[in-house]
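give the three-dimensional model of this entry:
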Amino acid sequence: MAEKRKKAAENFVPIAGRWNFEGANAMYLGPIDPDRPFGLCLAPRRFRSGTITVEATLQNQTDAARIVVGYNVATTGYYSIGLGGYNHAYVMTVFSCDSQEPAVMK
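This is a model prediction of the structure:
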């Protein structure tokens, strides 16, 4: 069986925050709106299976880095999984348009 070719995502779509995109690399530069102090960008295609790789450098203990899965354009709801946030080393959160606060699974 032939191995599937790995292809990095390109042409990211910024949703929140300032970003620098270069090919398959997305670098978060900081927030635009102080009421939304985070960055969120989407890959241009769906991931149905496989591996997502992220390399993040956290500058201090209050920083966080996460990936988003299951983003719903109609509701802006999604899951995020990653390092830092809510005083934990790692978390999974569920964001819903019905709530201002995420549900945090530690």
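
and the end-to-end length of stretch 45-56?
Terminal residues of stretch 45-56 are spaced 22 Å apart (Cα to Cα, to the nearest Å).

which non-adjacent residue is nearest Asn72?
With Cβ to Cβ, 6 or more residues apart in numbering as the criterion, Asn72 has its nearest non-adjacent residue at 6.7 Å, and that residue is Tyr78. For the C-beta atoms, the positions are set from N, CA and C on the backbone; glycine is no exception.

care to break the protein down by domain?
For the chain, automatic domain parsing gives the domain ranges 8-45, 63-106.

mind putting the ones you listed in CSV, mean pLDDT and distance to Ala56 included?
Converted to CSV, the domains of the chain look like this (pLDDT from 0 to 100; distance: least, Cβ to Cβ, whole Å):
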stretch, mean pLDDT, distance to Ala56
domain 8-45, 85, 9
domain 63-106, 82, 3
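
neighbours around the residue nearest to Asn72, how many?
19 (other Cβ atoms under 10 Å).

who does it bridge with?
Beta-bridge pairing for Tyr78 (DSSP bridges): Phe95.

that one reaches Cys97, doesn't it?
No: using Cβ atoms under 8 Å, Tyr78 is not in contact with Cys97, being 10.0 Å away.

does His88 sit in a helix, a strand or a coil?
Following DSSP: H, G, I helix; E, B strand; the rest coil, the label given to His88 is coil.

from Ala89, how far out is Trp19?
25 Å (Cβ to Cβ, to the nearest Å).

the protein: strands as residue ranges?
13-16, 18-22, 25-30, 40-42, 65-69, 78-83, 90-95, 103-105 (DSSP state E).

tell me which of those strands lies nearest to Thr53.
Nearest to Thr53, of all the strands of the chain, is strand 65-69, at 9.5 Å by Cβ to Cβ.

show me how far the closest one is from its chain's centre.
Its chain's C-alpha centre and that of strand 65-69 lie 3 Å apart, by Cα atoms, centre = their mean, to the nearest Å.

go on, stretch 54-70?
Distance of stretch 54-70 from its chain centroid, counting by Cα atoms, centre = their mean, is 8 Å.

same thing with stretch 16-33?
How far stretch 16-33 lies from its chain's middle: 11 Å, per Cα atoms, centre = their mean.
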